[in-house]
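Chemist: make a model of this:
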Amino acid sequence: MNNGDMDSRETLLSGCTDAQRIERDIADSLQQYGFGDWTAVARQSGMNNTTRLIETDSGRYALRLYDNHQDRGIVTLEHEMLHYLTSSSFSLKVPEPVRNSTGDTITASSSGKLASLFRYIEGERPLSRHEAHVRSLGRATGMLSASLAQFQSTHAPIYKPYYELDLSYSDWSDENVLALADRSKLRQPEMESVRHLLETRRSMSTFLESVRSLPHQWIHGDLNFSNAVAVEEEIVGVLDFEFCTVDLRAMEPAVVLVDFIHADRSDEERMAYLSHYAVGYGSACKLTRDETDAVPGLMKLRMLDVFLHFAGRRSDELDEVSVWEGQIRHADSVCRWIDSYEPVMKETLRSSLSE
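Modeler: Just a heads-up that it's a prediction; the model follows:
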């Protein structure tokens, strides 16, 4: 796609495919930045947004279309945090929002789709099996936690803390989750996993009450390998601050740590990568002993949140059944593994994370 000319656009016809609508929203959004010729290159996008690399005569940019919400408040808060980080002593790169022709960093297409344009950060997605990247992402997370400890927003958090799981997903009672599973015609193994995840949620009520007294601060909230940029051995940038909120400080590393518990890894590999990451994080930021001991439980909380988030996407028909099935299997597998290895995990994490 290579044009900045929108004269040929017709109204969005009901017969347009999703791909055609996306291309129209991209062109419509970019028109508001005064580019001449431009080229949009498809890049790997997350589940919540559509991302394109935009190449122009004036440079390279990243365009994000917000698919998961159309809430200006969420984007405004995200951009406020990005401005804070770029103007602070934080040494890693973060997306720098570009102002459109009206001076705003938030753009709306004619269909109402919200978008943001950012200056492109050169690099590649880090690898979760590369030890240097794992340690570097741990250090990057610790550096980010230390920097955000000083952040004070003029806006209230949009998202609730992870431990407010029941409030965040108040519509998703056990009965409603099971009803969705029945409507989705899940197979027996996935149905058993759903029941186990719901049992896990019920069993965590005391734990969730106990962690409320731990240190709180602003966090990224969704930091993982897909939201980081690496050049050679080092993490150089952190992306996608859309889910930033005030939460437990220890929640930030917990979100990342679940990435190391995959079905294709042995127990020894999982523990080794948990240790590598913790060493990196601990080199930049320390947690209290109570925070460190809470991390395995917070990792399970992250998986429950993901499980329910994708239940909502399935209910809204944003995903095929297979997407939710995959999330169910992964969440259940991670929670079961943590239950089995929690004592060993705590000892491993204490050696690097605790003050």
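Chemist: quick one: the helices in this structure, in order.
Modeler: For the chain, helices defined by DSSP state H occupy the ranges 18-30, 72-87, 131-148, 165-168, 174-183, 188-203, 205-210, 251-257, 267-282, 289-315, 321-353.
Chemist: quick one: closest of those helices to residue 156.
Modeler: Distance to residue 156, taken as Cβ to Cβ, is lowest for helix 72-87 among those, at 8.6 Å. The C-beta positions use only the backbone N, C-alpha and C, and glycine is treated the same way.
Chemist: mind listing what's buried in that closest one?
Modeler: Of the residues in helix 72-87, 74, 75, 76, 77, 78, 79, 80, 81, 82, 84, 85 count as buried by neighbour count, 16 or more other Cβ atoms under 10 Å.
Chemist: that older thread, of all the helices of the chain, which lies closest to residue 233?
Modeler: Short answer: helix 131-148, nearest of the helices of the chain by Cβ to Cβ, at 4.2 Å.
Chemist: any idea how far that closest one is from the chain center?
Modeler: Offset of helix 131-148 from its chain centre (Cα atoms, centre = their mean, to the nearest Å): 15 Å.
Chemist: could you export it as CSV, CA atoms only?
Modeler: Extracted C-alpha coordinates of helix 131-148, given in CSV (Å, rounded to 0.1, in the frame of the first residue of the first chain):
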residue,chain,number,x,y,z
GLU,A,131,19.9,-16.2,28.2
ALA,A,132,21.3,-12.7,27.5
HIS,A,133,17.9,-11.5,26.5
VAL,A,134,16.3,-13.0,29.5
ARG,A,135,18.7,-11.3,31.9
SER,A,136,18.5,-8.1,30.0
LEU,A,137,14.7,-8.1,30.1
GLY,A,138,14.9,-8.7,33.9
ARG,A,139,17.1,-5.7,34.3
ALA,A,140,14.9,-3.6,32.0
THR,A,141,11.9,-4.5,34.1
GLY,A,142,13.8,-3.5,37.3
MET,A,143,14.9,-0.3,35.8
LEU,A,144,11.3,0.5,34.7
SER,A,145,10.0,-0.3,38.2
ALA,A,146,12.5,2.0,39.8
SER,A,147,11.6,4.8,37.4
LEU,A,148,7.8,4.4,37.7
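Chemist: now that helix: buried residues?
Modeler: By 16+ other Cβ under 10 Å, the buried positions in helix 131-148 come out as 132-148.
Chemist: check stretch 308-328 too.
Modeler: By 16+ other Cβ under 10 Å, the buried positions in stretch 308-328 come out as 308-315, 319, 324-325, 327-328.
Chemist: what about that stretch, start to end distance?
Modeler: Across stretch 308-328, the terminal residues are separated by 9 Å (Cα to Cα, to the nearest Å).
Chemist: now it: mean pLDDT?
Modeler: Average pLDDT, stretch 308-328: 96.
Chemist: same thing with stretch 151-159?
Modeler: Mean pLDDT, taken over the full extent of stretch 151-159, equals 92.
Chemist: what does stretch 96-115 give?
Modeler: Stretch 96-115 shows a mean pLDDT of 94.
Chemist: who touches that stretch?
Modeler: Applying Cβ atoms under 8 Å, 6 or more residues apart in numbering, the external contacts of stretch 96-115 come out as 12, 21, 24-26, 28-29, 32-34, 61, 63-66, 69-72, 75-76, 79, 82-83, 86, 116-119.
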